[in-house]
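Take this sequence and fold it.
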Amino acid sequence: MGVKIKGNKIYLPKLGWMRFYNSRSIPDGFTIKACTVRKRQNSWYVSVRIENTSVPDYSPKSLGSNPKVIGCDLGITKLVHLSDGYQIENPKFLTNKKAKRTLKIRQRRVSCKVKGSKKRKKAAIRVGRFYQKVSDKRQAYQWKTANKIVSRNVDVIAIEDLNISGMMRRCQAKSDGKTGIFLKNGQSRKKGLNRAISDASWGDLGLKIEYLAAKQGKIVIKVNPKHSSQEGRSCGYIDKSNRDGEKFICVECGYHEHVDIGAAKTIRDRALKIVRGDSAKLGVTNLNAQKISPRSSSKRGEFGNPSNRDIKNAIS
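The predicted structure is shown next:
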């Protein structure tokens, strides 16, 4: 690599020695494997990846015959609904009233300045710093949220396997066959939902849950959430009319519950079928639960569960 660190100075190839703020010292016995330098709105940042071969690999705990499983349902009104009834708030860092007003004002100041002028560049930098502040707040909150979920007394964490890019895809255009004029397709209303999904950042939260779960030897399973909020838990009847906002009342048997907590319980039950079934035939025999969280092919992956591990082996 050629990267060296001495006190508050770092040596980078082709750049030489330069001063930096050493926020976290490298422990003894660790070697530098990679270094990343990136520029953000307020400054330059350097990230150093270190390795120590003497540190033992993380190993999942034995699940036994009756593992404890918790289901997580992701949402907009509440960020996470857990199958035990606990709900985690969604701060909506970029889509709350104050943030939208601040962003609108700063973007307006950019558009009012002369193109190519120094004042326009300064105004654009202020917009970028606002986005950076929102991103830092979101990252910090997600780490706390992931730690709350992983620190619970469970063996398996079941999360939704969402196609987020598909959920945020634009609505298909509609046009009149005679005149060729484009008709309303609901995209203007869906735009607000797309912003809320992007602000919640479900994908990053899932990665953080997998990372912390691997450190504690717990297993994360991604479950297909299809019809999880429309399926009756008592009779299994699936119908759109079962759901009314945040209320769930089964039209077949009358079972009623909070719709998102009920969905989290359904995800938990689908994960239990995976854990108790044959892990070698998950993709074929389990239609409601498709896959387990991805693992790295290397000896020790940075994210996900430890490599070369299997649920079937963990049970035994």
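
so how far does stretch 154-164 reach from one end to the other?
27 Å (CA to CA, to the nearest Å).

Relative to the whole chain's centre, how far out is it?
Centre-to-centre, stretch 154-164 and its host chain are 10 Å apart (CA atoms, centre = their mean, to the nearest Å).

do you know how far D199 is from I149?
To I149, D199 is 19 Å away according to CB to CB, to the nearest Å. C-betas here are computed from N, CA, C, even on glycine.

Between these two, which is the more surrounded one?
Between D199 and I149, counted using other CB atoms under 10 Å, the more crowded position is I149 (22 against 18).

Which residues are in contact with the more buried one?
I70, C72, V80, L82, I88, I157, I209 (CB atoms under 8 Å, 6 or more residues apart in numbering).

how about a cut-off of 7 Å?
Applying CB atoms under 7 Å, 6 or more residues apart in numbering to I149 gives the contacts C72, V80, I157, I209.

my guess is the third one is in a strand, correct?
Yes - according to DSSP: H, G, I helix; E, B strand; the rest coil, the state of I157 is that of a strand.

Isn't it up against I70?
Yes - contact criterion CB atoms under 7 Å: I157 and I70 qualify, at 5.8 Å.

Please say which of those two ends up with more neighbours.
I157 (27 against 24).

Please tell me how far that one sits from K104.
With CB to CB as the criterion, I157 and K104 are 38 Å apart.

What of S65?
Applying CB to CB, the value for S65 to K104 is 57 Å.

who's more crowded, the two?
Neighbours were counted for S65 and for K104 using other CB under 10 Å; K104 has more, 10 against 6.

Name the helix or strand for the more buried one, please.
Element membership of K104, judged by DSSP states H and E, is helix 97-112.

how distant is that helix from the center of its chain?
27 Å.

same question, stretch 46-65
21 Å.

For R152, give me its contacts.
R152 neighbours (CB under 7 Å, 6+ apart): I70.

which residue lies farthest from the center of the chain?
Note on the chain: the largest C-alpha distance from the chain mean falls to K178, namely 45.0 Å (CA atoms, centre = their mean).

tell me which element it falls in.
For K178, there is no enclosing helix or strand under DSSP H and E.

how near is it to G186?
From K178 to G186 the distance is 22 Å (CB to CB).

P60 now?
44 Å.

if you count what's nearby, which of the two comes out ahead?
P60 (20 against 11).

shouldn't that one be in contact with I219?
Yes - at 5.6 Å, P60 counts as touching I219 under the criterion of CB under 7 Å.

so when I look at I88, I'm seeing a strand, right?
Yes - applying three-state DSSP, one finds I88 inside a strand.

in what helix or strand does the closest residue in space to it that isn't next to it in sequence lie?
Spatial nearest neighbour of I88, chain neighbours left out: V80 (4.3 Å); criterion: CB to CB, 6 or more residues apart in numbering. Take DSSP H and E as the rule and V80 turns out to sit in strand 78-82.

in the helix ranked longest in the chain, what's buried?
If you go by DSSP state H, the chain has its longest helix at helix 118-150. Within helix 118-150, the residues that qualify as buried are 120, 123-124, 127, 130, 134, 138, 141-142, 145-146, 149-150, counting by 16 or more other CB atoms under 10 Å.

got it, and stretch 184-200?
A196, I197, D199, A200.

Then stretch 149-165?
I149, V150, V154, D155, V156, I157, A158, I159, E160, D161, L162, I164.

now stretch 99-118
For stretch 99-118, by 16+ other CB under 10 Å, it's A99, L103, R106, R109, V110.

Using CSV, list the CA coordinates for that stretch.
Output of stretch 99-118 as CSV, limited to C-alpha atoms (Å, rounded to 0.1, in the frame of the first residue of the first chain):
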residue,chain,number,x,y,z
ALA,A,99,-36.0,20.7,6.6
LYS,A,100,-38.1,21.2,3.4
ARG,A,101,-38.5,24.9,4.2
THR,A,102,-34.7,25.3,4.8
LEU,A,103,-33.9,23.5,1.6
LYS,A,104,-36.4,25.5,-0.4
ILE,A,105,-34.9,28.8,0.8
ARG,A,106,-31.3,27.8,0.1
GLN,A,107,-32.1,26.4,-3.4
ARG,A,108,-33.9,29.6,-4.2
ARG,A,109,-30.9,31.7,-3.2
VAL,A,110,-28.8,29.6,-5.7
SER,A,111,-31.2,30.2,-8.5
CYS,A,112,-31.3,34.0,-7.9
LYS,A,113,-27.6,34.4,-8.2
VAL,A,114,-25.8,35.0,-11.6
LYS,A,115,-24.7,31.8,-13.3
GLY,A,116,-20.9,31.3,-12.9
SER,A,117,-20.5,33.9,-10.2
LYS,A,118,-18.7,33.4,-6.9
